[in-house]
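Let's see this in three dimensions:
(chains A and B)
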Number of protein chains: 2
Amino acid sequence: MITVDDALAHLMALVSPLNSEEIPLIEAAGRVLARDVTARRDQPPFAASAMDGYAMRGDEVEQHSILKVVGESAAGHGFEGQIKPGQAVRIFTGAPVPAGADFVVIQEDVTRNNDLITIANPPDGKSNIRALGNDFTIGDTITAPRLLSPSDVALLASMNIATAPVARRPQVALISTGDELVMPGENPGPDQIIASNTFGLKAMLDALGAHCRILPIARDTEDSLTMAFDLAAGADLIITIGGASVGDHDLVGKVAGDLGMERAFYKVAMRPGKPLMAGRMAGSAMVGLPGNPVSAMVCGHIFIAPMIHAMLGLGTDKPTALTATLSAEMPANGPRQHYMRGILQQGQIRAFERQDSALLTVLADANVLLIRPPYDPARAIGSQVDYIPI
Amino acid sequence: MITVDDALAHLMALVSPLNSEEIPLIEAAGRVLARDVTARRDQPPFAASAMDGYAMRGDEVEQHSILKVVGESAAGHGFEGQIKPGQAVRIFTGAPVPAGADFVVIQEDVTRNNDLITIANPPDGKSNIRALGNDFTIGDTITAPRLLSPSDVALLASMNIATAPVARRPQVALISTGDELVMPGENPGPDQIIASNTFGLKAMLDALGAHCRILPIARDTEDSLTMAFDLAAGADLIITIGGASVGDHDLVGKVAGDLGMERAFYKVAMRPGKPLMAGRMAGSAMVGLPGNPVSAMVCGHIFIAPMIHAMLGLGTDKPTALTATLSAEMPANGPRQHYMRGILQQGQIRAFERQDSALLTVLADANVLLIRPPYDPARAIGSQVDYIPI
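Coordinates of the predicted model:
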């Protein structure tokens, strides 16, 4: 048996960052910036008023001063001329500050009578002007890799970046295996169950930036498995679910081997999970997950999510666990790292009573996996435990 | 001026839960379940082996017992007969336990010689059998509303739910207003800047389950604004950005009023943000956000996100703030609720130095908004502060 960290290291060696593609900015949120991009603009591109008011020379700003309004600067329509002594320009938020002016008195501090304004209240020292390039200047860089947030997209837009270079989505082929499976909506026989793992994994991995295809269920024959692998050709990552242990009916390893995969089995010291198969075949990384629904989903979080991250160029570091305070005691853990389904509410965390790895209802109620290292001692209420959100 | 909570209550009164639509399960992750759904299956649908091994009568499980293997039960292919005294059936994980058997001895505890097995190791008390309906039974319910996670999708699949009733996506029309704006990729004039708010808001709201359309930029004329509202017709929510204060060039309120909107202005005691316009026009909710990029995005998080939630049927409760420990001191807050851009790292939170609401670079570096209530006193390192993740 190998540790979870060792298994993860083996899996990460199977993948590398994918190439990039240029996409419209409007589609860029949630994608990973693949190359540094630089601002094509200064922002603001001119000294801009931060308030509605009157632009003037700072040395003329004084209570009871009277100035003549000689024009207007609105957003999109600046004042063309130069402000001379004794002059002011009506100005609106975001508008360019006219040449000669270096102060904006806010409109609430002014009384106006036709073309004349009087500074009624003594202004504080703030000029109410945003300097040219206050936010960013031409050539300022957004550094790749970076998972693009809504704020990043707004920033890229304001830098006049209309298309963004992002990592290509990893193409993932998902293959359920087993004569016992039928697709949702079909009529299962008495010995059959519904395929659920591919649906859960597709939802999980697509949300991380992958593009998953669910292939037809492979039956427990060499022909059916061979056909499934044929259909998966070209994927960056092929994931099989079920049929990957050493049981008499587990053909996945044999068929993958026949197709040229240098395969390795890793018996991983974890619960739930256990045997993983992994290797590379014909340009694709390939991972065989256990067929048990909860095991498959937990392995998705622990092993496949980091592989997707790595393919997106987000690096190969193990995801850092978070920490929360335990609200229910837990018995000592055995020799295998245990990912316990649990719930985090208002900073308090606890594991569910039922940890049978066949229980999708329990997984669906969980929002965290509590991480119990091998031989973790019994834990009292109030102790700090590591978890990953799911 | 009204409080943020009062403004939110006014806005929430403008929207109500949308109707639902039936979609394929494969598209259901991230959508909101609109009606309770019930399992169409028992899971497991039969008593199932949890291990690879041999099924037999529990009262015959004893070290050194010798049993005759009379058949096999594999996943998808159960054993048809009944187990009689002295008999065992080879069984694999997930396969139906044959009639007459109520115990599975794992294969590691057995030695086999042709058709005969000997129980080599004394088994522990676990039967290694999952009872019929152990996970769920026919009629078990998943309760709406529920934002569907990947685990939920797996659970729905295993319940044989092929299509799911989900809340329709709120249709949102985004209108930037202002003569100073051009779209990313265009060539701005010397007094112009790039429209960024609609891009950031679309990314934010689409991720929450909305479907946003970015409309052409409306110019500062009544005709242009009227055309933009025409194009927005049919949306559940129309959002204008900019032109919504009381400046001389702010026409949005006038045009919306002419089009029949009962409009209200709310001067909200918040930073950044300030005036909001809101009302209903021709079947749509309408909200006017400030044009300042950071203000627009913060108002998106504070006001628009809860409206999207409410339209999706997720309720009208104010989102609960989270709490973290301050790692840098903060001065006292003024009379307005301040949403400070900041960063949360390893449980420690701090506000950035620069809080000018024109700085998209600062917003893009932030992963939280620290919530400072009106007149919040100065805060020392180590104090607990509320925040919302962004």
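
which regions of chain A sit below the pLDDT cut-off?
A:244-249 (pLDDT under 70).

how about a cut-off of 80?
A:243-250, A:263, A:265, A:274-275 (pLDDT under 80).

quick one, domains of it?
A:4-17+A:168-311, A:22-41+A:140-166, A:48-130, A:322-389 (automatic domain parsing).

Of the ones you listed, which is nearest residue B:367?
Closest approach to residue B:367 among these is made by domain A:22-41+A:140-166 (8.2 Å; C-beta to C-beta). Glycine gets a C-beta too; all of them are placed from N, C-alpha and C.

From the opening residue of that closest one to its closing one, how far?
Its first and final residues considered, domain A:22-41+A:140-166 spans 6 Å by C-alpha to C-alpha, to the nearest Å.

follow-up on the earlier one: for the domains of chain A, please prepare TSV with the additional fields distance to residue B:89 and mean neighbour count.
Output for the domains of chain A, formatted as TSV (distance: least, C-beta to C-beta, whole Å; neighbours: other C-beta atoms under 10 Å in any protein chain shown):
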stretch	distance to residue B:89	mean neighbour count
domain A:4-17+A:168-311	13	21
domain A:22-41+A:140-166	50	20
domain A:48-130	79	19
domain A:322-389	20	17
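
Using a markdown table, please lay out those domains together with distance to chain B.
Rendered in a markdown table, the data for the domains of chain A read as follows (distance: least, C-beta to the nearest C-beta, whole Å):
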| stretch | distance to chain B |
| --- | --- |
| domain A:4-17+A:168-311 | 3 |
| domain A:22-41+A:140-166 | 3 |
| domain A:48-130 | 3 |
| domain A:322-389 | 4 |
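
In JSON lines: those, plus distance to residue B:138.
Converted to JSON lines, those look like this (distance: least, C-beta to C-beta, whole Å):
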{"stretch": "domain A:4-17+A:168-311", "distance to residue B:138": "13"}
{"stretch": "domain A:22-41+A:140-166", "distance to residue B:138": "38"}
{"stretch": "domain A:48-130", "distance to residue B:138": "62"}
{"stretch": "domain A:322-389", "distance to residue B:138": "14"}
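
I'd like to know which of these is closest to residue B:196.
domain A:22-41+A:140-166 (3.7 Å).

how far out from the middle of the chain is the closest one?
14 Å (C-alpha atoms, centre = their mean, to the nearest Å).

do stretch A:357-371 as well
The answer for stretch A:357-371 is 22 Å, by C-alpha atoms, centre = their mean.

repeat for stretch A:59-78
For stretch A:59-78, the distance to the chain centre is 47 Å (C-alpha atoms, centre = their mean).

CA atoms of it as CSV?
Written as CSV, here are the backbone C-alpha positions of stretch A:59-78 (Å, rounded to 0.1, in the frame of the first residue of the first chain):
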residue,chain,number,x,y,z
ASP,A,59,-4.5,78.0,-5.5
GLU,A,60,-7.8,79.7,-6.0
VAL,A,61,-9.8,77.4,-3.7
GLU,A,62,-10.8,79.5,-0.8
GLN,A,63,-14.1,80.2,1.0
HIS,A,64,-16.0,83.1,-0.5
SER,A,65,-13.9,83.0,-3.8
ILE,A,66,-16.0,83.8,-6.8
LEU,A,67,-15.2,82.2,-10.1
LYS,A,68,-16.6,82.4,-13.6
VAL,A,69,-17.9,79.1,-15.2
VAL,A,70,-16.5,79.0,-18.7
GLY,A,71,-17.6,75.6,-19.8
GLU,A,72,-18.4,72.0,-18.9
SER,A,73,-16.5,68.7,-18.8
ALA,A,74,-18.8,65.6,-18.9
ALA,A,75,-17.9,62.0,-19.1
GLY,A,76,-17.0,61.4,-22.7
HIS,A,77,-17.0,65.1,-23.5
GLY,A,78,-14.1,67.0,-22.0
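
List phi and psi for residue A:217.
Dihedral pair for residue A:217: phi -60, psi 130, per degrees, to the nearest 10.

now do residue A:9
The phi/psi pair for residue A:9 (degrees, to the nearest 10) is phi -60, psi -40.

which residue ranges form the helices in chain A?
Using DSSP state H, the helices found in chain A span residues A:4-12, A:150-158, A:197-207, A:222-232, A:252-258, A:293-299, A:305-311, A:360-365.

Kindly reformat the ones you listed as CSV and extend each row with distance to residue B:357.
Converted to CSV, the helices of chain A look like this (distance: least, C-beta to C-beta, whole Å):
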stretch, distance to residue B:357
helix A:4-12, 42
helix A:150-158, 13
helix A:197-207, 31
helix A:222-232, 50
helix A:252-258, 56
helix A:293-299, 42
helix A:305-311, 33
helix A:360-365, 41
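
Minimum distance to residue B:84: which of these has it?
Closest of the helices of chain A to residue B:84 is helix A:293-299, at 33.5 Å (criterion: C-beta to C-beta).

Who are the packing partners of the closest one?
Contacts defined by 3 or more C-beta pairs under 8 Å, 6 or more residues apart in numbering or on different chains; DSSP states H and E place helix A:293-299 against helix A:197-207, strand A:284-289, helix A:360-365, helix B:150-158.

hmm, who's touching it?
Residues from elsewhere that reach helix A:293-299, judged by C-beta atoms under 8 Å, 6 or more residues apart in numbering or on different chains: A:196-197, A:200-201, A:204, A:241, A:272-274, A:276, A:289-290, A:339, A:341, A:357-360, A:362-363, A:369, B:150-151, B:154, B:158.
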